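Trainee: sequence first, predicted coordinates after that:
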Amino acid sequence: MAKHRVGLVWFENDLRTDDHPLLHHAAQECQQLICLYCVNPKWFQPNRYGLRSMGELRWQFLQQSLADLDNQLQTLGQRLFVSYEAPLHAVAKLIAEFGVDAIYRSHQSGAYERHYFDIVRERYPFLDYVQDDTTTLFERAQLQHIMPSQTESFPASFSKFRKYVESNSLRPAIKAPLPAPASLPPKPARLNCSTFQPPATPNENSPFSGGSAAGQQHIEGYFKSNAAQHYKTTRNALDTWQHSTKFSPWLADGSVSARQVLAQLDQHEARQGANESTYWIFFELLWREYFHWYAQHYGNQVFAAGGIQGHRPTTSFYPGRFQKWCQGNTPYPIVNACMKQLNATGYISNRGRQLVASCFVHELGLDWRYGAAYFEQQLVDYDVAANWGNWQYLAGVGADPRGHRWFDLGKQTAMYDPKREFIERWQGDDHEQHLDHSDAADWPIR
């Protein structure tokens, strides 16, 4: 029997109706329901790095995902209400106008997202709050022995985390991804939900389409092929669609869940066999998992110059160098090609990310946080935990016990683009000869 008059499901990076336990709770407990997504105006304004949190390609992908979520909700008797106000204002107005008495929300890895929710709970202590772990493979209760309150007790490296998971044979607490509920309670009659339209002219360079339907189609197609059988040997390709999984954009905004990917992987192994390559897909899911719990554990330290180590690197900020890196106009062709690919498509390979980040920190001597912020703006698969955690790892202020990672760009080019096909395709050789420019002073003639 329903116990809440009006519930509110606050969607963030869980843009799906399948494998969403909170929707089942809301379906059972609410008489009426509001399904909310907040498009924060701050995403499109200059941030502390002079960049935007939401670039055009990422915004395009998100709009497609929101339109798809609205379509999913309509099949369940619901609609998506998209607010363009700051989240705290939007939630406050809905509580006041419709008498919301319960809020359903996924646990978030981002410190700012958690802060918003903490403020709501402080302002409205009389509401019921229901949370669940919908963005990770595991639930926090499964990791309680390695998630204590003391920072120093958190696994200091991914290897320790992986060994804990594998030695305890951890698997998702929900044995199989949940189907969507049969129906959802209706929205309040006075709530006007406009049909959410995706962009009319999507960017032709982006290979990705947002939304659960596109994500599920891609994942199912990938695992029906034999690509997973060779993943470990092909995953470092710089510019080939089938050589890596390409699941990350849909995982990032929650159009598909990590549990759904793992379930498809298990089915693939049952059909075609398990090997080192299929294990490596699970291995990559564990990396994602580690960074999500890492971000939840360390909070704002994820964004600090000294990272979780508290030791600030001996780097600085050179505006000219930063601009050239962003434009793909450095003395390093492989880096230029990767950055031009990123700017055109919103995506670069995992190997490409390592190379451009290594160049940013080590060759250019730049503050790693500006690189992470540029990725946040540009990547269609931006994930707060994976992005900032990986940048910290490479800059030597994160979870890498070996210290900062430096990649020999010449050697990497010979290994991964020996014929320079990728560099030629993305015009990596087209750059200025000099990295820095100095304006000469005109001394008076004597």
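Mentor: Thanks, I have it. Numbering: from 1, shown residues only.
Trainee: quick one: the helices in the stretch 1-150 of the chain?
Mentor: If you assign secondary structure with DSSP state H, counting those that start in this stretch, the helices in the stretch 1-150 of the chain sit at 21-29, 56-75, 87-98, 111-123.
Trainee: just how off-centre is the helix or strand bottoming out on mean pLDDT in the chain within its chain?
Mentor: Each helix and strand of the chain was given a mean pLDDT (mean pLDDT, DSSP states H and E); the minimum falls on helix 158-167 at a mean of 92. Averaged C-alpha coordinates place helix 158-167 at 22 Å from its chain's average position (Cα atoms, centre = their mean, to the nearest Å).
Trainee: who's in contact with it?
Mentor: With Cβ atoms under 8 Å, 6 or more residues apart in numbering as the contact definition, helix 158-167 has outside contacts at Phe138, His145, Ile146, Pro155, Leu170, Phe283, Leu286, Trp287, Glu289, Tyr290, Trp293, Ala399. Backbone N, C-alpha and C define where each C-beta goes, glycine included.
Trainee: wait, the first one sits on His292?
Mentor: No - assessed by Cβ atoms under 8 Å, Phe138 is found out of contact with His292, at 9.5 Å.
Trainee: state the distance from Lys253 to Trp368.
Mentor: Heads up, residue 253 is Asp, not Lys. Using Cβ to Cβ, to the nearest Å, we find Asp253 at a distance of 24 Å from Trp368.
Trainee: between the two, which has more neighbouring residues?
Mentor: With other Cβ atoms under 10 Å as the criterion, Asp253 and Trp368 differ in neighbour count, and Asp253 comes out ahead with 28 against 24.
Trainee: show me what contacts the more buried one?
Mentor: Going by Cβ under 8 Å, 6+ apart, Asp253 touches Asn13, Leu15, Phe61, Leu62, Ser65, Gly210.
Trainee: closest to Ser53 out of these?
Mentor: Compare each of the contacts of Asp253 with Ser53 using Cβ to Cβ and the shortest gap goes to Leu62, at 11.4 Å.
Trainee: wait, the closest one sits on Ser53?
Mentor: No - distance between Leu62 and Ser53: 11.4 Å, which falls outside the contact criterion (Cβ under 8 Å).
Trainee: the chain: strands as residue ranges?
Mentor: Here the chain has its strands, by DSSP state E, at 4-11, 30-38, 80-83, 102-106, 128-132.
Trainee: out of these, which gets nearest to Asp408?
Mentor: Nearest to Asp408 among the strands of the chain is strand 102-106 (41.0 Å), distances taken as Cβ to Cβ.
Trainee: so where's this protein uncertain?
Mentor: Confidence mapping of the chain against pLDDT under 70 gives the ranges 1, 147-152, 200-202, 401-404, 437-446.
Trainee: 80 instead, please
Mentor: Per-residue confidence for the chain (pLDDT under 80) gives these ranges: 1-2, 144-153, 175, 194-205, 314, 400-405, 433-446.
Trainee: okay then, goodbye and thanks.
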